[in-house]
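Novice: Below: sequence and its predicted model.
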Amino acid sequence: MRAIVVESPGGPEVLTPTEREDPVPGPGEVLIDIAASGVNFIDIYYRTGAYPQPTPYVPGVEGAGTVAAVGDGVTGFAVGDRVAWANVPGSYAERAAVPADKVVPVPDGLSLKDAAAALLQGMTAHYLTRSTYEVKAGDTILVHAAAGGMGLLLTQLGKLFGARVIGTVSTPDKEKLARDAGADEVIGYDGFADEVRRLTGGEGVPVVYDGVGAPTFDGSLASVRRRGLLALYGAAGGKVEPFDPQRLNAAGGAYLTRPSLGHYTATREELLQRASEVYGWIAAGDLRLHIGRRYDLADARTAHEDLAGRRTAGKLILTP
């Protein structure tokens, strides 16, 4: 099979197209013919070594496709089933062996490309708006990078749950995407904390969803209201340096959390519930996907360069 392999951490150039033996499903695994793979910032964290990973490895932690074979002890899945998964490595390839307990069914009517594009970011947006902080009607929330894959989903879910959404973007084209997703106010990054305070009558917001990291962290903390929450779910712009917890006191007893999807899909039941609701919102038209670009598997390097260079909007996928 064709696959992308990383032999050692580094820049996008370490994403090497190669031929590998087809994986064989072990006990409790399913072999999947991959139709599409999601491209996510966590792939960059692994590739650069920010998140250490044994090498060599096939990158990519999200995909969708068709079951080609099942290993011993697998129940609930059969050859030909349409499935998707997230948070399991190996999706930058034509085939992957995935633990069956990490796989979810793809409902009829949803394409495999959309299933791959929606799962990791969709479930992340789900836990952020339903569990990390339960967005309620009347809330005003701040969503950074509102035209990115995550930002567009968070914006739509914020509106679905009755919130007023303030989004940050970097270009006029991205402003249009954020507004089309339902953002009520769209602002730039320069001085955004002051603008958030102005838009909220000086109060600030109950929650900031920040996947950017270092460039926005200080302003995000300055944007939360008394006893508000800063949900730092990523670091696309760089890692936040250690800071004095006393700053949370100065910010009005603010809360800081650094969640990840694994914390919110720790059980099979929780995984299925979040995936089912995300796919259900798409089927109902409550959540619209924006696939910004599609790349051939061999062009994974270009996809990483585009994502890191902020040259994209919406979700990026690879198709073998």
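Specialist: Sure thing, it's come through.
Novice: what does stretch 8-20 contact?
Specialist: 1-7, 47-49, 53, 55, 58-59, 92-93, 297-298, 300-302, 304-305, 308 (C-beta atoms under 8 Å, 6 or more residues apart in numbering). Glycine gets a C-beta too; all of them are placed from N, C-alpha and C.
Novice: Give me the distance between the two termini of that stretch.
Specialist: Taking C-alpha to C-alpha, to the nearest Å, the first and last residues of stretch 8-20 lie 17 Å apart.
Novice: so who does the residue most central in space within the chain touch?
Specialist: Residue closest to the average C-alpha location in the chain (C-alpha atoms, centre = their mean): Gln121, at 3.0 Å. By C-beta under 8 Å, 6+ apart, the contact list for Gln121 reads Gly38, Asn40, Gly149, Met150, Leu153, Lys315.
Novice: same check, this time on Ala116
Specialist: Ala35, Ala36, Ser37, Gly38, Glu62, Gly63, Ala64, Ala84, Ile317.
Novice: mind checking how far it is from Thr171?
Specialist: 26 Å (C-beta to C-beta, to the nearest Å).
Novice: quick one, what contacts Glu62?
Specialist: Ser37, Gly38, Asn40, Ala84, Trp85, Ala86, Asn87, Ser91, Ala116, Leu119, Leu120.
Novice: And the pLDDT at the third one?
Specialist: Think Asn40. What the model reports for Asn40 is a pLDDT of 94.
Novice: I'd like the distance between it and Asp184.
Specialist: From Asn40 over to Asp184 (counting by C-beta to C-beta), the distance is 27 Å.
Novice: Tell me which of the two has more neighbours.
Specialist: Asn40 (24 against 17; other C-beta atoms under 10 Å).
Novice: In this structure the more buried one contacts Pro59, no?
Specialist: No: when contacts are counted by C-beta atoms under 8 Å, Asn40 is not listed as touching Pro59 (10.0 Å).
Novice: Mind giving me the packing neighbours of whichever strand in the chain runs longest?
Specialist: Scanning the chain for the longest strand, with DSSP state E as the assignment, gives strand 29-39. Packing contacts for strand 29-39, counted by 3 or more C-beta pairs under 8 Å, 6 or more residues apart in numbering; DSSP states H and E, involve strand 62-70, strand 82-86, strand 95-99, helix 112-127, helix 300-308, strand 315-319.
Novice: Next, the buried residues of it.
Specialist: Neighbour counts using 16 or more other C-beta atoms under 10 Å place Glu29, Val30, Leu31, Ile32, Asp33, Ile34, Ala35, Ala36, Ser37, Gly38, Val39 of strand 29-39 among the buried residues.
Novice: Which residue ranges make up each domain of this protein?
Specialist: As given by automatic domain parsing, the domain ranges for the chain are 2-120+267-319, 137-258.
Novice: Low-confidence bits of the chain, can you list those?
Specialist: Judged against pLDDT under 70, the chain has no low-scoring part.
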